[in-house]
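Undergrad: just a sequence and a predicted model for now, questions to come.
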Amino acid sequence: MRYFAHIGYNGFNYRGWQRQARGIISVQQVLEETISKLLKQKIVCIGCGRTDAMVHASQYFFHFDFYEELPKNFLFKFNKSLPDDIAIFDIIPMDGYPHAQLDAVERTYEYYIHTQKNPFLHSLSALYQEENLNLEKMKQAVQLLPNYSDYSLFCKSPNKNDSNICQVFSTSLFVNPKGDRIRFQISANRFIQGMIRVIAKRLLDIGIGKLSVEDFEAILAGKNIPKEITIAYPQGLYLSQVKYPFLPLPTEKYFNPSNSQIWNEL
C-alpha cells in the first residue's frame, strides 16, 4: 500500500530535503533511516520536491510503500523517534499509487524578512538591517510576477533545467504593524532552483532603491540580463502549502510562522 506522510520541518540544521553524500545530513536521510528501523525493512521516502540547505517546510508531503498495515500507534512512535525539528502530522493510506512530487498541482512558498536583529528569529527568518524599505515599490514588483512565465533569469543555473516555465497563480506581500517584518508569498504550479530567493533579493534591491520596478520587469521580460545573480539568505524561505486534487488539507492547524503575527497585506 502507498502512504502519504504530511510533515513539517525546521531545515536550519539540514542540507536540504534531498539525500546527500555520506556524512552530510538531510531531512530525507533522517526520515528514511528512522522509518526503516521502525518497520524493519528498507523504506524509500519520495518527497514532493527539493528544499535547499537551511530552508524550512511548514507543510511537506512524501510517499512511501509498505505492503502491510502500519503497526498500532505508528504515528506516535515515528514522531518520538525523530529529532525535535521534524514532525509528522498525518500518515494517510492512499488508493492506488499517487506520486508525492508528480501529482502536486500547486505549491506555495513564503519568504520572511526581519529588519531589526532578533536572537529568536535568526534561524527562522532572514535578517536584512535596512531602514525605510520602499514597500510600495516592492508591492508593485510582486504584482508583476503572475504576468510572466519564463523565469530563466530568476534561477541559479537556467541552462541545467529542462524548462524554466512556471505558471505563477498568485503573489502577495505582507508587513506586520511595527513594520520590521515582511512576508512575501508566491503560489505556482512549479518552481525552479533558487527562483524564490532570487526574487526575494531583487525585491530587497527595489526596497533600498538599488533596482527600479521598471528594471525588474525588464528582467522578467528577458529584455535586461543581469550581470550577476544573487540570492537571499536560505533560512527565510518556507514551503508552506502543497496541493493535490485528491488530498485537500488545510495548513492552519499546523505551525506556520505567520500564525503568531498580525500581518497586513500591502
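TA: Now that the structure is in, tell me what you want to look at.
Undergrad: switch to C-alpha atoms for all contacts and neighbour counts from now on
TA: Fine.
Undergrad: ranges for the helices of this protein?
TA: With helices called from DSSP state H, the chain shows them at 27-39, 74-81, 135-144, 195-207, 213-220.
Undergrad: between those helices, which gets nearest to Asp103?
TA: helix 27-39 (19.1 Å; C-alpha to C-alpha).
Undergrad: would you mark the buried spots in that closest one?
TA: Val27, Gln28, Gln29, Val30, Leu31, Glu32, Glu33, Thr34, Ile35, Leu38 (16 or more other C-alpha atoms under 10 Å).
Undergrad: contacting residues for the first one?
TA: If I follow you right, that is Val27. Shown in contact with Val27 (C-alpha atoms under 8 Å, 6 or more residues apart in numbering): Gly11, Tyr14, Arg15, Gly16, Trp17, Gln18, Arg19.
Undergrad: could you flag which of these are buried?
TA: Burial by neighbour count, 16+ other C-alpha under 10 Å: within the contacts of Val27 this picks out Gly11, Tyr14, Arg15, Gly16, Trp17, Gln18, Arg19.
Undergrad: could you dump the residues you listed to a markdown table with distance to Arg190?
TA: Output for these, formatted as a markdown table (distance: C-alpha to C-alpha, whole Å):
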| residue | distance to Arg190 |
| --- | --- |
| Gly11 | 20 |
| Tyr14 | 23 |
| Arg15 | 21 |
| Gly16 | 18 |
| Trp17 | 17 |
| Gln18 | 17 |
| Arg19 | 21 |
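Undergrad: from the residues you listed, which is closest to His56?
TA: Among the buried ones among the contacts of Val27, Gly11 lies closest to His56 (C-alpha to C-alpha), at 4.5 Å.
Undergrad: does the closest one touch Ala53 like I think?
TA: Yes - with contacts counted by C-alpha atoms under 8 Å, Gly11 reaches Ala53, the gap being 6.9 Å.
Undergrad: pLDDT weak spots in the stretch 101-250 of the chain?
TA: Residue ranges of the stretch 101-250 of the chain with pLDDT under 70: 250.
Undergrad: could you measure from the nearest residue to Asn13 once chain neighbours are set aside over to Val142?
TA: Leaving aside its chain neighbours, Asn13 sits nearest to Met54 (6.2 Å; criterion: C-alpha to C-alpha, 6 or more residues apart in numbering). According to C-alpha to C-alpha, to the nearest Å, Met54 and Val142 sit 24 Å apart.
Undergrad: one more: Val198?
TA: Using C-alpha to C-alpha, Val198 is found at 13 Å from Val142.
Undergrad: pick out the lowest-pLDDT one from the contacts of Val27.
TA: Ranked by pLDDT, these bottom out at Arg19, which scores 88.
Undergrad: quick revisit: might you report the residue contacts of the residue nearest to Asn13?
TA: Met54 is in contact with Asn10, Gly11, Phe12, Asn13, Tyr14, Arg15, Gly16, Pro234, Gln235, counting by C-alpha under 8 Å, 6+ apart.
Undergrad: in a markdown table, list those residues along with distance to Gly179.
TA: Shown next, in a markdown table, are those (distance: C-alpha to C-alpha, whole Å):
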| residue | distance to Gly179 |
| --- | --- |
| Asn10 | 25 |
| Gly11 | 26 |
| Phe12 | 25 |
| Asn13 | 29 |
| Tyr14 | 30 |
| Arg15 | 31 |
| Gly16 | 30 |
| Pro234 | 22 |
| Gln235 | 20 |
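Undergrad: how many residues are close by Leu82?
TA: Neighbour count of Leu82, defined by other C-alpha atoms under 10 Å: 16.
Undergrad: cool, Asp95 as well?
TA: With other C-alpha under 10 Å as criterion, Asp95 counts 10.
Undergrad: excluding its backbone neighbours, what's nearest it?
TA: Arg2 (7.6 Å).
Undergrad: closest one to Arg202 out of the buried residues of helix 27-39, please.
TA: Set against Arg202, the nearest of the buried residues of helix 27-39 by C-alpha to C-alpha is Val27 (28.8 Å).
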